[in-house]
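Colleague: sequence unavailable; structure follows:
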């Protein structure tokens with residue numbers, strides 16, 4: 001099993017030549033989200049978990065296709081909300097409920113690609129359930145990219161807003177109470193710029209159905225507060241499971257979890273968070289809660305009181321998204337935090353306007369004087385890294401060191 005040692009790994013190699021470049025500025029690390037190309041059909045994969053077809057989905061996203069995936073009957077509403085132009089699946093999909101999905105999509109659109117459900121050599125059934133849906137072709141179980149993309153050229157979709165349809169799918173998953181079952185977590189390392197070592201890991205929420213979606217969207221008003229609290233606690237458990245695995249392997253590292261101030265202010269969440277820390281015997285300072293930008297108002301005096309109580313339980317706090325929206329110096333001075341994260345967009349603005357770098361340097365110097373660490377997000381090139389060091393930041397994150405990874409790729413996860 002591959003292991004990331006305390007010394008950070010080299011940047012990942014470029015993506016395979018068969019995929020189009022992600023952008024003109026050299027960002028080629030796998031996992032970078034490519035904006036959906038206009039005019040390409042939206043593809044909904046419908047099947048049980050299949051590593052081969054999942055790789056096909058990754059490659060399709062890499063060349064700009066909007067792709068989603070459902071694998072359970074209760075996710076039919078989410079699949080419909082995604083608004084697919086093409087469905088790729090088989091007759092056994094969704095526990096035999098693919099007929100229901102196709103009927104819900106209605107008419108002769110979207111187009112449907114069906115792979116054989118029977119043994120190799122068996123004549124496939126080219127009459128898909130769902131009435132008059134057109135079969136573009138029949139794929140074997142390997143989901144051949146060349147054959148699939150050739151079939152997709154026959155589809156000319158109407159132009160629709162990708163973000164709106166993704167949000168509709170999220171809403172459908174939340175309404176069906178299936179969203180928690182579809183969440184998983186990747187981890188992005190935080191790099192100590194003084195020692196060139198991994199100082200910790202941040203848990204990033206992913207949606208099984210839409211793994212390329214921005215994690216921030218998962219923790220917005222698309223979820224009601226109880227569901228958001230449950231999702232945040234799932235992230236806490238995933239992060240603490242990683243911490244324990246690293247501790248057993250004698251690789252010390254802090255773990256961080258994103259949390260909105262509305263969730264943090266909930267008494268039930270505070271109680272559950274303290275219980276997780278206490279029951280797992282987590283040392284002081286291991287768990288870091290990153291407070292994210294949140295439009296839901298929480299009185300700052302109440303927030304300070306809640307954070308102070310949790311600090312006494314050994315939990316540290318980070319102020320996320322500095323330089324974005326309402327995250328400003330007032331919060332840096334008033335909240336009991338030990339870390340400030342410089343927003344990726346703000347950092348890029350400073351790079352584009354060198355006169356603003358002096359402002360950012362003053363922010364970092366002020367934090368250092370108060371004993372607060374600073375993390376610069378969005379490090380993707382050697383130039384970014386040089387600037388981050390020159391500014392005096394403590395830590396950094398970004399695809400320069402590789403994409404977010406499942407915990408099992410760099411730590412031996414054992415049941416707790």
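Modeller: Received the coordinates, thanks. Every value quoted in this text rests on a predicted model; they were computed, and no experiment measured them.
Colleague: can you pull out the helices in the stretch 301-416 of the chain?
Modeller: Using DSSP state H, counting those that start in this stretch, the helices of the stretch 301-416 of the chain run over residues 329-334, 344-352, 357-369, 382-391.
Colleague: could I get the average pLDDT for the second one?
Modeller: Spelled out, that is helix 344-352. For helix 344-352, mean pLDDT is 92.
Colleague: least confident of the helices of the stretch 301-416 of the chain, on average?
Modeller: Taking the mean pLDDT of the helices of the stretch 301-416 of the chain, helix 329-334 comes last: a mean of 81.
Colleague: beta partners of residue 184?
Modeller: Under DSSP bridges, the beta-bridge partners of residue 184 are residue 206.
Colleague: show me what contacts it?
Modeller: 205, 206, 208, 406 (CB atoms under 8 Å, 6 or more residues apart in numbering). In this view, the C-beta of every residue, glycine as well, is placed from N, C-alpha and C.
Colleague: who wins for neighbours among those?
Modeller: Counting neighbours by other CB atoms under 10 Å, residue 205 leads these with 21 neighbours.
Colleague: that one touches residue 217, doesn't it?
Modeller: No: assessed by CB atoms under 8 Å, residue 205 is found out of contact with residue 217, at 9.6 Å.
Colleague: residue 77 versus residue 244, what's the distance?
Modeller: 37 Å (CB to CB, to the nearest Å).
Colleague: about what we covered before: closest to residue 46 among the contacts of residue 184?
Modeller: Of all these, residue 208 has the smallest distance to residue 46: 13.2 Å, by CB to CB.
Colleague: my read: the closest one touches residue 183, true?
Modeller: Yes: using CB under 8 Å, residue 208 is in contact with residue 183, at 7.3 Å.
Colleague: okay if I get the helices of the stretch 301-416 of the chain as JSON lines plus mean neighbour count and distance to residue 264?
Modeller: As requested, these are exported to JSON lines (neighbours: other CB atoms under 10 Å; distance: least, CB to CB, whole Å):
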{"stretch": "helix 329-334", "mean neighbour count": "13", "distance to residue 264": "13"}
{"stretch": "helix 344-352", "mean neighbour count": "17", "distance to residue 264": "22"}
{"stretch": "helix 357-369", "mean neighbour count": "16", "distance to residue 264": "21"}
{"stretch": "helix 382-391", "mean neighbour count": "16", "distance to residue 264": "28"}
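Colleague: Serialize the ones you listed to JSON lines and add fields for distance to residue 39.
Modeller: Output for those, formatted as JSON lines (distance: least, CB to CB, whole Å):
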{"stretch": "helix 329-334", "distance to residue 39": "43"}
{"stretch": "helix 344-352", "distance to residue 39": "28"}
{"stretch": "helix 357-369", "distance to residue 39": "39"}
{"stretch": "helix 382-391", "distance to residue 39": "33"}
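Colleague: out of these, flag the one nearest residue 200.
Modeller: helix 382-391 (16.5 Å).
Colleague: what helix or strand is the nearest residue to residue 100 once chain neighbours are set aside located in?
Modeller: Counting by CB to CB, 6 or more residues apart in numbering, residue 100 lies nearest to residue 76, which is 5.9 Å off, once chain neighbours are set aside. Per DSSP states H and E, residue 76 falls inside helix 76-81.
Colleague: which strands and helices sit next to that helix?
Modeller: Secondary-structure packing of helix 76-81 (3 or more CB pairs under 8 Å, 6 or more residues apart in numbering; DSSP states H and E): strand 67-70, helix 98-105, helix 162-175.
Colleague: which of those is buried the deepest?
Modeller: Mean neighbour count, computed with mean count of other CB atoms under 10 Å, is highest for strand 67-70 among these, reaching a mean of 27.
Colleague: roughly how far is it from the heart of the chain?
Modeller: 15 Å (CA atoms, centre = their mean, to the nearest Å).
Colleague: now the helices for the stretch 151-300 of the chain?
Modeller: Using DSSP H, counting those that start in this stretch, the helices of the stretch 151-300 of the chain run over residues 162-175, 215-218, 225-248, 261-264, 267-279, 300-312.
Colleague: returning to that earlier point: what is the nearest of the contacts of residue 184 to residue 292?
Modeller: residue 205 (11.3 Å).
Colleague: who's in contact with the closest one?
Modeller: Neighbours of residue 205 in contact, by CB under 8 Å, 6+ apart: 183, 184, 185, 215, 218, 219, 231, 235, 258.
Colleague: just the buried ones from these, in ChimeraX syntax?
Modeller: Entered in ChimeraX, the line below selects the buried ones among the contacts of residue 205, by 16 or more other CB atoms under 10 Å:
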select :183,185,215,218,219,231,235,258
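Colleague: mind giving me a markdown table with the contacts of residue 205 and columns for pLDDT?
Modeller: Below are the contacts of residue 205 laid out as a markdown table (pLDDT from 0 to 100):
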| residue | pLDDT |
| --- | --- |
| 183 | 91 |
| 184 | 91 |
| 185 | 93 |
| 215 | 71 |
| 218 | 75 |
| 219 | 68 |
| 231 | 91 |
| 235 | 95 |
| 258 | 95 |
